[in-house]
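> whatever this is, show me its structure:
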Amino acid sequence: MKTIVSSFLLIITAVFTLTASEPSDPIRILVITGGHGYKTEQFNQMLSSLGPEITWQVAELPGAYDMFRTENRNEYDVLVFYHMWQKITDEQAMVFTECIKKGKPVVALHHSICAFDDWTEYWNIIGGKYFHKETTFNGRVYQPCSYIHDLNFNVKIANKKHPVTKGVSGFPIFDETYKGYYVADGVTPLLTTDEPSSTPTIGWAKKYGKSRIVVLQSGHDAPTFENPSFRKLLKQAIEWVAK
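Purely as a prediction, here's the structure:
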């Protein structure tokens, strides 16, 4: 009897060991672009540097709207926004919102917080908005935001225990700053800066419906794409929202 029990335990242990050692499926990201130029080669190199655990494809707006439809949602796991698109129909907005609310998570980078000047629900989805014109939102008047290209400044870690920032220390970056943009109450700040030409909070996490959302304000040009700390933040953001 003891021999039978021992053999059974050995079989169970072997099964669990084999299962644990099997590689998990990669996280499939869909990068949404359009409405703003960028250095494609360097940006794609950054995406490839994330490793075999993350695969990627790019879809450009307005054609990318089709990817939010129910029949296409099984083609990716995470949306990465790197667009600055403005035009959207009521139907497109409904499908877009439903896609994220029902469980497609988002990592939003840089100029994607400048998108959709006239669609307030997008601002609620990502928890922020860069205003191109004077705008009243939630009872507050926001003046047009400002930006400055090509600045050296320091990124500080606001929440060192968060999975997105785990193992990342404060770091210098050469990038574009935005100042005066809206950041929603209730987000979890991840990154800050004391650069005076920037809004202090430059990275945050939140939820929208069933989905996790992470916003990283940095990401304008090749120096940021090549920054190892930014790459680590991006990878960990994708991994966290995908869980």
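> switch to C-alpha atoms for all contacts and neighbour counts from now on
Fine.
> got any ranges where the chain has weak pLDDT?
1-23 (pLDDT under 70).
> at which residues are the helices of it located?
2-21, 40-48, 90-101, 120-126, 222-225, 228-242 (DSSP state H).
> just to check, Gly219 is in contact with Leu109?
Yes. With contact defined as C-alpha atoms under 8 Å, Gly219 reaches Leu109; the gap is 6.2 Å.
> output the helices of the chain in CSV; the columns should cover distance to Lys207 and mean neighbour count.
Listed next are the helices of the chain as CSV, based on distance: least, C-alpha to C-alpha, whole Å; neighbours: other C-alpha atoms under 10 Å:
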stretch, distance to Lys207, mean neighbour count
helix 2-21, 30, 11
helix 40-48, 24, 15
helix 90-101, 9, 16
helix 120-126, 8, 18
helix 222-225, 26, 19
helix 228-242, 9, 20
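> who has more neighbours, Gly219 and Leu109?
Gly219 (25 against 20; other C-alpha atoms under 10 Å).
> just give the closest residue to the more buried one, not the sequence neighbours.
His110 (5.2 Å; C-alpha to C-alpha, 6 or more residues apart in numbering).
> kindly reformat the helices of the chain as TSV containing distance to Val78.
Listed next are these as TSV, based on distance: least, C-alpha to C-alpha, whole Å:
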stretch	distance to Val78
helix 2-21	24
helix 40-48	13
helix 90-101	10
helix 120-126	14
helix 222-225	19
helix 228-242	6
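> Lys206: which of the ones you listed is closest?
When the helices of the chain are compared by C-alpha to C-alpha, helix 120-126 sits nearest Lys206, at 7.8 Å.
> touching the closest one from outside, list them.
For helix 120-126, contacts defined as C-alpha atoms under 8 Å, 6 or more residues apart in numbering pick out 97, 108, 113, 116, 129, 184, 206, 208, 213-215.
> export these to a markdown table and tack on distance to Lys235?
Conversion of the contacts of helix 120-126 to a markdown table gives the following (distance: C-alpha to C-alpha, whole Å):
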| residue | distance to Lys235 |
| --- | --- |
| Thr97 | 24 |
| Ala108 | 13 |
| Ile113 | 19 |
| Phe116 | 26 |
| Lys129 | 23 |
| Ala184 | 24 |
| Lys206 | 17 |
| Tyr208 | 20 |
| Ile213 | 14 |
| Val214 | 11 |
| Val215 | 13 |
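> which one among those residues gets closest to Ile29?
Ala108 (12.1 Å).
> all strands of the chain, in order?
Per DSSP state E, the chain carries strands over the ranges 27-34, 54-60, 78-83, 106-109, 128-129, 135-137, 140-142, 146-157, 171-179, 182-183, 188-192, 201-208, 211-216.
> ok, which of these comes nearest Asp66?
It's strand 54-60; of the strands of the chain, that one is closest to Asp66 (C-alpha to C-alpha) at 9.5 Å.
> how about the contacts made by the residue with the shortest distance to the centre of the chain?
The centroid of the chain falls nearest to Val107 when counting by C-alpha atoms, centre = their mean (1.2 Å). Contacts for Val107 (C-alpha under 8 Å, 6+ apart) come out as 78-81, 213-216, 237-238, 241.
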